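1. Take this sequence and fold it.
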Amino acid sequence: MVNAERANPAHGWLRLLNLRLFPAWALLAASSWTPSAVWGEEMASVRPEQVGLSSERLERLTARMNAVVEDGVMVGGVGLIARQGRVAYEEAYGQADREAGRPMTLDTIFRIYSMSKPITSVAVMMLYEEGKFLLNDPVARYLPALADLQVARSTGDSDATRMTSDGTISRTEGTGDASVAGQTRAAARQPTIRDLLKHTAGFTYGFFGETEVDALYRKAELMAPPQSLEEFSAALGQLPLQYDPGSRWHYSVSVDVQGALVQAVSGMSFGEFLKHRIFDPLGMADTSFTAPEETWPRIAQLYSPAGAQDDGADFEPAPAGDGLAVTDERMSDGYREGAVFEGGGGGLLSTARDYLRFCQMLLNGGELDGVRLLSPKSVELMTTDNLAGLSMGLVGGGYGFGLGFAVAKDQGAIGELGSVGEYNWGGAAGTRFWIDPAEEMVGVFMVQVIPPPGRLGTEFKTLAYQAIVD
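-> From the prediction side, this is the model:
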C-alpha cells in the first residue's frame, strides 16, 4: 500500500507532499450506475428518519468521531451524509486549528488532494460530450509533447503483463535486471484519453516506487512547482513510460495530463474551465486551486503524526502534542495566490457542502438544480468498471475502476458495508467520499491528517451505513 512506500531517502513523503499532489490512501469504491431523481434547487436538511436513517444509530458515528478527536487521532473534521437528495447528517468535530484555538465549522475549507481527480475527469467527459475528441484517441493528437513515448525495458519487459501490438495482453518473463537499465523500446501502442481516465496510460508518480522510471521522475522533479501545465507536459514527454499502455492499472500523473488536455482543447486555462464550467454552475463557491489571504482563516490546519519527518532531512513538522504535529507551512504554498501549477490530480481546496453538490450532480445522472453537466449515459460509463480484467492493485478483491472512480463490483469480496454500484475515492489528508446509487446516498468526510489514520474513513463510512433502517 501507499503508506508503506518511502521512495528514496532524498525524497521523503513530506517533501513530496509539499507538491500538493500526493495520492489517496486506502481507497475504496464502486461501479455501475442507476438513475436517481433530481432533487430540487436546495438540498434541505431533514431529520434522519425522513430519509430512512436512524438518529440513534447516527449518534454512534458522532460519538466515534469525537472519541478519535479526544484520542488525538485527528484534530478535527466534518462529516456529511445525504440521502434522497436531502442532508440527514452534518457534524463538525474538534478544531480546525488547535494551535489557534479555532473550532471546526461546517464551512471549513480543506485540501482535498486526490478528491480533485473525479472533478478533473468530469471536465474531460464534458469536452468529450461536446465532440472535442473521442476517448480512444491518442493523447498526443491534442498534446504533441507526449508523442512517440517509449517504454523502459527494465519495467515494460519485466515479469509482468504486457500488451502486444495486436491488442492482446500476454504474460512475459522479462529480464528485469540491471543489464537493460537506460534502455527503451517502442510502446505496443500510444496512450489514449481513456487510458488517462482509468490509469492505464503507462505513467507513474515517482513517489512510491523504486523502479528506474520512478527514479527518473524524481530526478526530473516532474511534479515540482512552480510550473505550467505546458511545462509539465513537456517534461513528462522526455521520460519513458513505465509500462505499455493498457497493460496495467497503475496510479499515476494521468489526471494531471487530463488537466493539460482540458486546457489544450478548451482554449481556457484549466482553472478557468473548472470555475466557469463546473464550480460556478454548481454553486461550489469555495472550491478552487488557490485561496486569497482573507479566506485562510477558514482553511483547516494540516497535521501529521508526531515525529514524522522527511528522510532527506529537508524539514520536519514540529511536535505539537496530542499525537499530531503541525506540518511545515511550506506545504501550503501551492494553495496561496500566485501559485502556478493547477494540478488536476490533487490540487484543489473545497468544503464538505461544495463537494456534496458535485457528488449529488453525479448521483442525479449529471444534473443539479436545473444545470446539466453530463448526460446520464456518460455517468453510466464513468461508473462502470473499465479495466477489462486488469487488477486495480491498490485494494483487495471486489473492486474495479471506471473513468475517474474506483467501483465496487462484489460486496462479498470487499467484506464491508456498502452496495454493488457504489463509486468513490479519497485524498491523502484523509478526505473521503462515496456515492451509492442503490441507496440514493452520498457520504463526504473531511479531515486534515497526512498521512491519514488508515481506517478512519472506513469507520466513518461503516457507521453511516449501519444507520440505514429503511
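
2. And Thr462, which helix or strand is it part of?
-> Under the criterion of DSSP states H and E, Thr462 resides in helix 456-465.

3. where does the chain have its least confident helix or strand?
-> Least confident helix or strand, the chain: strand 169-172 with a mean of 38, by mean pLDDT, DSSP states H and E.

4. Against Leu236, how distant is Ala220?
-> Distance, Ala220 to Leu236, by Cβ to Cβ, to the nearest Å: 9 Å. The C-beta positions use only the backbone N, C-alpha and C, and glycine is treated the same way.

5. Show me which of these two is the more surrounded one.
-> Using other Cβ atoms under 10 Å, the more surrounded residue of Ala220 and Leu236 is Leu236, with 22 against 14.

6. domains for the chain, by residue range?
-> 2-19+28-128+280-465, 137-266 (automatic domain parsing).

7. closest one to Phe273 among those?
-> Closest of the domains of the chain to Phe273 is domain 137-266, at 5.0 Å (criterion: Cβ to Cβ).

8. show me the contacts for Arg47.
-> 55, 88 (Cβ atoms under 8 Å, 6 or more residues apart in numbering).

9. ok, now with 7 Å
-> Contact analysis of Arg47 by Cβ atoms under 7 Å, 6 or more residues apart in numbering lists Ser55.

10. where does the spatially most central residue of the chain land on pLDDT?
-> Ranked by distance to the mean C-alpha position of the chain (Cα atoms, centre = their mean), the top residue is Ser114 at 2.5 Å. Ser114 is assigned 97 on the pLDDT scale.

11. Kindly indicate whether it is helix, strand or coil.
-> Put simply, Ser114 is helix when judged by DSSP: H, G, I helix; E, B strand; the rest coil.

12. Distance to Glu272 added to the domains of the chain, as a markdown table?
-> Listed next are the domains of the chain as a markdown table, based on distance: least, Cβ to Cβ, whole Å:
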| stretch | distance to Glu272 |
| --- | --- |
| domain 2-19+28-128+280-465 | 9 |
| domain 137-266 | 8 |
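
13. Can you tell me which of those is nearest to Leu274?
-> Among those, if distance is taken as Cβ to Cβ, the winner is domain 2-19+28-128+280-465, at 6.2 Å.

14. all helices for the stretch 51-200 of the chain, in order.
-> 55-70, 116-129, 153-156, 193-198 (DSSP state H, counting those that start in this stretch).

15. most tightly surrounded among the ones you listed?
-> Most buried of the helices of the stretch 51-200 of the chain by mean neighbour count (mean count of other Cβ atoms under 10 Å) is helix 193-198; its value is a mean of 26.

16. Could you pull out the buried residues of the helix or strand just after it?
-> Heading C-terminal from helix 193-198, the first helix or strand you meet, by DSSP H and E, is helix 212-219. Residues of helix 212-219 classed as buried by neighbour count (16 or more other Cβ atoms under 10 Å): 212-218.

17. Any stretches of the stretch 351-470 of the chain with poor pLDDT?
-> For the stretch 351-470 of the chain, applying pLDDT under 70 flags the ranges 394-396.

18. Please report how far the closest residue to Ile81 other than its chain neighbours lies from Glu416.
-> Excluding the flanking residues, the one nearest Ile81 by Cβ to Cβ, 6 or more residues apart in numbering is Tyr89, at 4.0 Å. Tyr89 sits 19 Å away from Glu416, going by Cβ to Cβ.

19. mind listing the strands for the stretch 251-400 of the chain?
-> 303-305, 318-319, 324-326, 349-350, 367-368, 371-372, 399-401 (DSSP state E, counting those that start in this stretch).
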